[in-house]
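Chemist: Just the structure for this:
(chains A and B)
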Amino acid sequence: MKNLISRSVDNALCGAMHVLTVLAVAFLVMPLFVVVIVSFNSTTVIFPPRDWSLASYAQIPQVAVDTFLRSLVLGLCCATLSALFCVPAAIALVKSKLPGKALIEAALRSPLQFPAIILGVAILQYFYFWQGALALPLVGTFLGLLIAHTIYTFPFVLVPTVARLSALSDQYDEAAAGLGAGSLTTLVRVIIPLMRPGIVAGMFMSFIMSFEDVAVTMFLAGSKMTTFPVYLFGSAEVSNTPGLYAVASLGSLAALSLVLLVERFIGIRTVLSKS
Amino acid sequence: MSSSSSSLFRLGIVPLAFFFVVFFAYPVLHFLYGSLVVDAGGGSSLSLRNFTDALHSDSVLRSLSTTLLLSILTGVVSLVIGYLLAFQVVRRHPAIGKIIFVAAIASLFTSTIARALGWRVLLGFEGPLNNALIAIGLISQPLQLINNFTAVAIGMIHIQVPVVMVALIPVIEALPRDFERAAIGLGASRWQTFLKVHLPMTWVNAVPVGLIAVMATAAYFTTPVLLGGGRVNVIAIQIQQASQVLFDFGYAAALSVMLVVMISSVAIVILLLTHWRRSVRARGSS
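Modeler: Numbering: from 1, shown residues only, chains lettered A, B, ... in the order given. Below is the predicted model:
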């Protein structure tokens, strides 16, 4: 009897857990579906749409396209620059006898936990100072955004490259040296190619963080260098039209296609477990 | 490896370290230091006036408590839902695990602004959620679900759940399956196994994941703006207003220091509690 009760309690609780899981999955995907479906309205935002049409897609403003392309280029430059900074730094942190390694690595990771909004204001103030002192315009320029995005996202490249390099056995160096390669040759022809999964994973995360950032960019973009998420955020603040949802759907679709590409070639779980 | 190449490799840190100091460490420290500097008459002097101003402002105090409540609520709920989902991904049938994982990844990489827009429709006055609640007879009048604290909390939980879930998958995977087999072999039910084996052995590693969600939420800007409708005035909004509307960087810096202090105190308290509980448990069992 007691056994029967405990078994039925067990079944009930496991059932409740399954129901909760279904609800949680619905919770995760509902807003995504709703955004796409609402974008098929023609004039007003209603769910479900009364008159299905593609009108909102035909009326996507040029500024959406421009900012989208700018964000794309900015994200690519940011990921590349981060990799150029982080690969030599990771080699120095793992392969050389650098004093205070742990401390340096901890310091270089610190932007990860630092609030983006404070970083944005701090860099804005700093750029104003440079503009005054050196007449070097950085607010509202591509260079200024690139610097800020790289500072904000480079730890996403540093962490997986250091992890990947630390996991590589020293036997690779020994084998290459035994075959007569100098240490620089070993580095370029053996070690860096072996680091590639870590570098690609990091560059992907760096790109995504840059491509979706609002908190840092909104301070630095000015009126001429608006990025896609800042444009979307600004429009969402003041309006609510099917066109807005169409732009949001297409932007998210672009990010998700990139995720699919990454899944196809290196596996999204590998990327996420490294950062 | 020869020592000459080691010293050559060592130089690889220089560009990143230089970039980090010039564009992160210096600007951030200089900005935060600015909270202590006040323009008085002709020159500037050190003073705590920015902080006393902030602490005497009702709106700032309300922001601090709203931010604290929002971030802890988000952290706790996201930890519970994220743990549940991660557990299902690791321990359920691979096909079901895959569906859950894909749903979480799709959500994780969809623009946070698009997701806020989705909630704007879902929670709307004549939105699907209100309609559904009326249809099943739970309420007779539509509820005010949007432009308030609840809406922001829902939006923030939606952002943090996939993050927490992804971080918890390795934590749960690290627990050997033999443990639960042993528990079930000894007559424990599935539910008891979860409660007495899984939870006690993973929660010490799960709490820091929830803590990251708390810290990220405390500094979040876009979702509170888009779903709060101006009524949920978190600290991040105050910082943005102080710097872009009032152009008062000293005041913005004082608010930033308060945000950083708040986040760090929460982190310290939670980590101390976890370790205290653990050391008590260790002493009790020895």
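Chemist: Going toward the C-terminus from the lowest-mean-pLDDT helix or strand in chain B, what's the next helix or strand?
Modeler: Lowest by mean pLDDT, DSSP states H and E among the helices and strands of chain B is helix B:3-10, with a mean of 73. Scanning forward in sequence from helix B:3-10 by DSSP states H and E, the next helix or strand is helix B:13-20.
Chemist: can that following helix be found next to chain A?
Modeler: Yes: contact of helix B:13-20 with chain A (CB under 8 Å from any CB of the partner chain) involves B:13, B:15-17, B:19-20. Using the backbone N, CA and C atoms, a C-beta is placed for each residue, glycine as well.
Chemist: host element of whichever residue of the stretch 51-200 of chain B sits closest to chain A?
Modeler: The nearest approach of the stretch 51-200 of chain B to chain A comes at residue B:118, 2.7 Å away (CB to the nearest CB). Using DSSP H and E, residue B:118 sits within helix B:112-122.
Chemist: what packs against that helix?
Modeler: Secondary-structure packing of helix B:112-122 (3 or more CB pairs under 8 Å, 6 or more residues apart in numbering or on different chains; DSSP states H and E): helix A:2-38, helix A:228-238, helix A:242-265, helix B:128-135, helix B:149-173, helix B:222-228.
Chemist: most packed of those helices?
Modeler: helix B:222-228 (a mean of 25; mean count of other CB atoms under 10 Å in any protein chain shown).
Chemist: Mind exporting the C-alpha coordinates of that one to CSV?
Modeler: In CSV, the C-alpha atoms belonging to helix B:222-228 read as follows (Å, rounded to 0.1, in the frame of the first residue of the first chain):
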residue,chain,number,x,y,z
THR,B,222,16.9,47.6,-23.4
THR,B,223,14.3,45.2,-22.0
PRO,B,224,13.3,47.5,-19.0
VAL,B,225,12.9,50.4,-21.5
LEU,B,226,10.8,48.4,-24.0
LEU,B,227,8.6,46.5,-21.7
GLY,B,228,8.5,48.8,-18.7
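Chemist: give me the element residue 77 is part of.
Modeler: Picking chain A for this. Here residue A:77 is assigned to helix A:62-95, by DSSP H and E.
Chemist: Can you look at chain B instead?
Modeler: Going by DSSP H and E, residue B:77 is in helix B:58-91.
Chemist: which other helices and strands contact that helix?
Modeler: Secondary elements touching helix B:58-91 (3+ CB pairs under 8 Å, 6+ apart): helix A:2-38, helix B:94-109, helix B:149-173, helix B:199-218, helix B:235-244, helix B:249-285.
Chemist: Would you single out the least confident of those?
Modeler: Note on these: lowest mean pLDDT is at helix B:249-285, with a mean of 86.
Chemist: Any idea how far that one is from the middle of the chain?
Modeler: Remark: helix B:249-285 is offset 13 Å from the chain centroid, using CA atoms, centre = their mean, to the nearest Å.
Chemist: what does stretch B:203-221 give?
Modeler: The answer for stretch B:203-221 is 4 Å, by CA atoms, centre = their mean.
Chemist: Next: stretch A:40-56.
Modeler: Mean C-alpha position of stretch A:40-56 versus that of the full chain (CA atoms, centre = their mean) differs by 31 Å.
Chemist: Kindly report the same for stretch B:191-198.
Modeler: 27 Å.
Chemist: Would that stretch count as contacting chain A?
Modeler: Yes: contact of stretch B:191-198 with chain A (CB under 8 Å from any CB) involves B:191-192.
Chemist: Straight-line length of that stretch, end to end?
Modeler: Stretch B:191-198 has an end-to-end distance of 10 Å (CA to CA, to the nearest Å).
Chemist: likewise stretch B:189-201?
Modeler: 17 Å.
Chemist: Buried residues, that stretch. List them.
Modeler: For stretch B:189-201, a neighbour-count test (16 or more other CB atoms under 10 Å in any protein chain shown) marks B:189-194, B:197-198 as buried.
Chemist: Format these as CSV; extra columns: distance to residue A:199 and pLDDT.
Modeler: Shown next, in CSV, are these (distance: CB to CB, whole Å; pLDDT from 0 to 100):
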residue, distance to residue A:199, pLDDT
B:189, 47, 79
B:190, 43, 78
B:191, 45, 78
B:192, 46, 80
B:193, 41, 83
B:194, 39, 82
B:197, 39, 83
B:198, 36, 85
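Chemist: Output those residues as JSON lines; include the columns distance to residue B:239.
Modeler: Below are the buried residues of stretch B:189-201 laid out as JSON lines (distance: CB to CB, whole Å):
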{"residue": "B:189", "distance to residue B:239": "50"}
{"residue": "B:190", "distance to residue B:239": "48"}
{"residue": "B:191", "distance to residue B:239": "46"}
{"residue": "B:192", "distance to residue B:239": "48"}
{"residue": "B:193", "distance to residue B:239": "46"}
{"residue": "B:194", "distance to residue B:239": "42"}
{"residue": "B:197", "distance to residue B:239": "44"}
{"residue": "B:198", "distance to residue B:239": "40"}
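Chemist: wait, what's in contact with residue 227?
Modeler: Unless you meant another one, I'm taking chain A. By CB atoms under 8 Å, 6 or more residues apart in numbering or on different chains, the contact list for residue A:227 reads A:67, A:70-71, A:74, A:145, A:213, A:217, A:221.
Chemist: hmm, I had chain B in mind actually
Modeler: Residue B:227 neighbours (CB under 8 Å, 6+ apart): B:116, B:119-120, B:123, B:146-147, B:151-152, B:154-155.
Chemist: Please apply the same query to residue B:149.
Modeler: B:66, B:69-70, B:228, B:231-232.
Chemist: Could you identify the pair within those that is furthest apart?
Modeler: B:69 and B:231 (13.9 Å; CB to CB).
Chemist: elements contacting the host helix or strand of residue A:203?
Modeler: Using DSSP H and E, residue A:203 sits in helix A:192-212. The elements that helix A:192-212 packs onto, with contact taken as 3+ CB pairs under 8 Å, 6+ apart, are helix A:62-95, helix A:142-167, helix A:228-238, helix A:242-265, helix A:268-274.
Chemist: I'd guess residue B:220 is in a helix, am I close?
Modeler: No: the assignment for residue B:220, made by DSSP: H, G, I helix; E, B strand; the rest coil, is coil rather than a helix.
Chemist: wait, it sits on residue B:234?
Modeler: Yes: using CB atoms under 8 Å, residue B:220 is in contact with residue B:234, at 7.2 Å.
Chemist: Can you pull out the low-pLDDT segments for the stretch 1-150 of chain B?
Modeler: B:1-5, B:41-42 (pLDDT under 70).
Chemist: How much space separates the most centrally placed residue in chain B from chain A?
Modeler: The central residue of chain B, meaning the one whose C-alpha is nearest the mean C-alpha position (CA atoms, centre = their mean), is residue B:213 at 2.3 Å. For residue B:213, the distance to chain A (CB to the nearest CB, to the nearest Å) stands at 12 Å.
Chemist: Enumerate every residue touching that residue.
Modeler: Residue B:213 sits next to B:74-75, B:78-79, B:82, B:160, B:163-164 when contact means CB under 8 Å, 6+ apart.
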